[in-house]
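Visitor: Please work out how this folds:
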Amino acid sequence: MNVVCLVIDRLQAGYVGAYGNTWIETPNLDRLACQSFLLEHALIDSPDLERLYRSYWQGWHALCPAPPPETRPSLPALLREAGATTVLLSDEPLLARHPGAEDFDELIEIDPPWQPETARRIDQTQFSRCFERAIDRLASLRGPFMLWCHLGGLGTTWDAPLEFRQAYREPGDPPPPEGAEVHERTLPPDCDPDELLGISQSYAGQVSLLDACLGAFLDLFDGLPDAGETLLTVTSSRGFPLGEHRRVGPCDDSLFGELVHVPWMIRFPDAAGAGKGVRNRLCKAPSGPFRQTVPDTFSGAAARSQALVEPADLWATLLDWWELDDVPDSPSAESILRLVRRENGPFRDRLCIAGRDGGRAIRTPAWFFLAGDPPKLFAKPDDRWEVNDVTSLCPEVTECLRDALAQYEQTLSAGRIADLPALSDILVNGLE
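Guide: Next up, the predicted model:
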């Protein structure tokens, strides 16, 4: 049993074909999605990488008291105790210094580009270098193992050859920018739309580069001896705003969907989604009174789930996949394998997100609420990218979600969110 985790920083769900994008060509991401169990509503719990990786590696939600208890083992430590080799590959210096990184058997650091410039060929790009190192290490790994790759090429350098961004230029469009710098700014109300178009074309070109490199990686990966025994999961640690709320890049990390809604696909080694081996694995029974029943749609081996999922769920899922029972409880995590096995029992009815500077947000199946002055409320799932603020139209919903958010944080500080009461029908199902 082996696992490869690809975490691609700053990949916005809205720029992936499998999540509805029709502008950018992502054939390899779409191919992977067709082979995978795809999670439609994956949200990060914080845009801060240190807190986010506490969730990934320790099942410790970003709103939990920091730091986690010293006695709380990390995912790589637990897998190492179970006999797995654990390898971390990253081009993010902050991640190499994360406390959880010390528990990996091996750390492969790839230097980020200090003077970014566009490349002439694909093999000169940062993504290409990272994927090449990953496949080289996989070729020599023997199971059981976990290879965790964190790739920052969408947030550190837009070094795709210029023809990648120029492919998205329509007749009459001004030429897109030629530099490799990652744009970050708050746009003025009278922003030049051509400027934003050029930035979007540059990002699109970088996503196309990622897709090309991923395709080459998948072709090589599928030819390795252990590929048939390896779970592959691909997700993103943060999205990338491209002017949706007058923000480009990290900026102030406002907790809108373009930042916190991320793609997440899990490809299983048996029938790529809901194969016999997956169905036969045992998983823990659902806990807590506030879960909701989530219908999942299946097409062949692949499946899409509408469940609300968060980073700590990856921690729980991998431990469940390895069938490790003697592990610490997580305050909030649920194993995705429950959804994969079509166990249509109750799942969670809310997710909460912690911003960098005290910002807070809560998402339910029917609503997305951003705390602040003023607060903002959006109807879900119809208003996918938070265009229409309905706070003034739904004052009762606004107050209920404000209370639910405060209660969630208080409960996490004291124990498990399973102790929370169920949300009211209007918060789960919306207005009639």
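
Visitor: any idea how far Asp194 is from the residue in the chain sticking out farthest from the centre?
Guide: For the chain, the residue at maximal distance from the C-alpha centroid (Cα atoms, centre = their mean) is Gly172, at 35.7 Å. Gly172 is 10 Å from Asp194, where distance means Cβ to Cβ, to the nearest Å. The way it works is simple: take the backbone N, C-alpha and C, and place the C-beta from them, glycine included.

Visitor: do Phe217 as well
Guide: On the measure of Cβ to Cβ, Phe217 and Asp194 end up 35 Å apart.

Visitor: on that earlier part again, give me the pLDDT for the residue farthest from the centre of the chain.
Guide: Looking at Gly172, its pLDDT is 92.

Visitor: Am I right that it is in a strand?
Guide: No - under DSSP: H, G, I helix; E, B strand; the rest coil, Gly172 sits outside any strand and is assigned coil.

Visitor: Next up, phi/psi of it, please.
Guide: phi 100, psi -20 (degrees, to the nearest 10).

Visitor: if I pick Cys352, what's in contact with it?
Guide: Listed by Cβ atoms under 8 Å, 6 or more residues apart in numbering, the contact set of Cys352 reads Asp45, His61, Leu63, Arg360, Ala361, Ile362, Arg363, Leu405, Tyr408, Glu409.

Visitor: Give the pairing partners of whichever strand or helix holds it; include direction for each.
Guide: Assessed by DSSP states H and E, Cys352 sits inside strand 351-354. Strand pairing for strand 351-354, determined by DSSP bridges: strand 360-363 (antiparallel).

Visitor: starting at the chain centroid, how far to the partner strand?
Guide: 16 Å (Cα atoms, centre = their mean, to the nearest Å).

Visitor: The longest helix anywhere in the chain - contacts with which helices or strands?
Guide: For the chain, the helix with the greatest residue count under DSSP state H is helix 193-221. Other helices and strands packing on helix 193-221, by 3 or more Cβ pairs under 8 Å, 6 or more residues apart in numbering; DSSP states H and E, are strand 2-8, helix 27-34, helix 126-140, helix 162-166, strand 230-235.

Visitor: if you set the cut-off to 6 Å instead, what comes out?
Guide: Helices and strands touching helix 193-221, as assessed by 3 or more Cβ pairs under 6 Å, 6 or more residues apart in numbering; DSSP states H and E, comprise helix 27-34, helix 126-140, helix 162-166.

Visitor: outside of the longest one, which residues touch it?
Guide: Spelled out, it's helix 126-140. Residues from elsewhere that reach helix 126-140 (Cβ atoms under 6 Å, 6 or more residues apart in numbering): 89, 91, 110, 113, 122, 149, 151, 153, 157, 159, 209-210, 213, 217, 220, 224.

Visitor: so which of those residues comes closest to Ala101?
Guide: Nearest to Ala101, judged by Cβ to Cβ, of the contacts of helix 126-140 is Leu89 at 10.9 Å.

Visitor: so how many other residues sit close to the nearest residue to Lys376 once chain neighbours are set aside?
Guide: Distances taken as Cβ to Cβ, 6 or more residues apart in numbering put Leu370 closest to Lys376, at 4.3 Å, once the chain neighbours are dropped. Neighbour count of Leu370, defined by other Cβ atoms under 10 Å: 24.

Visitor: so who does Leu370 touch?
Guide: By Cβ under 6 Å, 6+ apart, the neighbours of Leu370 are Leu255, Ala361, Lys376.

Visitor: ok, the second one to Ile108 distance?
Guide: Relative to Ile108, Ala361 is positioned 34 Å away (criterion: Cβ to Cβ).

Visitor: Who has more neighbours out of those two?
Guide: Neighbour count, other Cβ under 10 Å: between Ala361 and Ile108, Ala361 has more, with 25 against 18.

Visitor: What ranges in the stretch 201-350 of the chain fall below the confidence cut-off?
Guide: The model of the stretch 201-350 of the chain has pLDDT under 70 over residues 270-302, 344-346.

Visitor: at 50 instead, please
Guide: 272-301 (pLDDT under 50).

Visitor: So which residue is dead centre in the protein?
Guide: Note: the chain centre (Cα atoms, centre = their mean) maps to Ser236, 3.5 Å.

Visitor: Quick check: that residue touching Cys5?
Guide: No - using Cβ atoms under 6 Å as the test, Ser236 is too far from Cys5 to be in contact (11.7 Å).

Visitor: which residue sits closest to Arg120, ignoring its sequence neighbours?
Guide: Per Cβ to Cβ, 6+ apart, closest to Arg120 is Pro161, 6.2 Å.

Visitor: for the one you found, phi and psi?
Guide: According to degrees, to the nearest 10, Pro161 has phi -50, psi 140.

Visitor: before we move on, the earlier item: between the helices and strands packed on helix 193-221, which gets nearest to Met265?
Guide: Closest to Met265 of those is helix 27-34 (Cβ to Cβ; 5.4 Å).

Visitor: Give the buried residues for that closest one.
Guide: Counting neighbours by 16 or more other Cβ atoms under 10 Å, one finds that the buried residues in helix 27-34 are Asn28, Leu29, Asp30, Arg31, Leu32, Ala33, Cys34.

Visitor: Ile426: which of those residues is nearest?
Guide: The shortest approach to Ile426 among the buried residues of helix 27-34 belongs to Ala33, at 33.0 Å (Cβ to Cβ).

Visitor: and the closest one, what is it in contact with?
Guide: Ala18, Met265 are the contacts of Ala33 under Cβ under 6 Å, 6+ apart.

Visitor: wait, what's in contact with the residue nearest to the centre of the chain?
Guide: Ile8, Leu11, Val262, Pro263.

Visitor: per-residue pLDDT, the second one?
Guide: The per-residue pLDDT reported for Leu11 equals 97.

Visitor: So the nearest residue to it once chain neighbours are set aside versus Leu78, what's the distance?
Guide: Leaving aside its chain neighbours, Leu11 sits nearest to Ser236 (3.9 Å; criterion: Cβ to Cβ, 6+ apart). Here Ser236 is placed at a distance of 24 Å from Leu78 (Cβ to Cβ).
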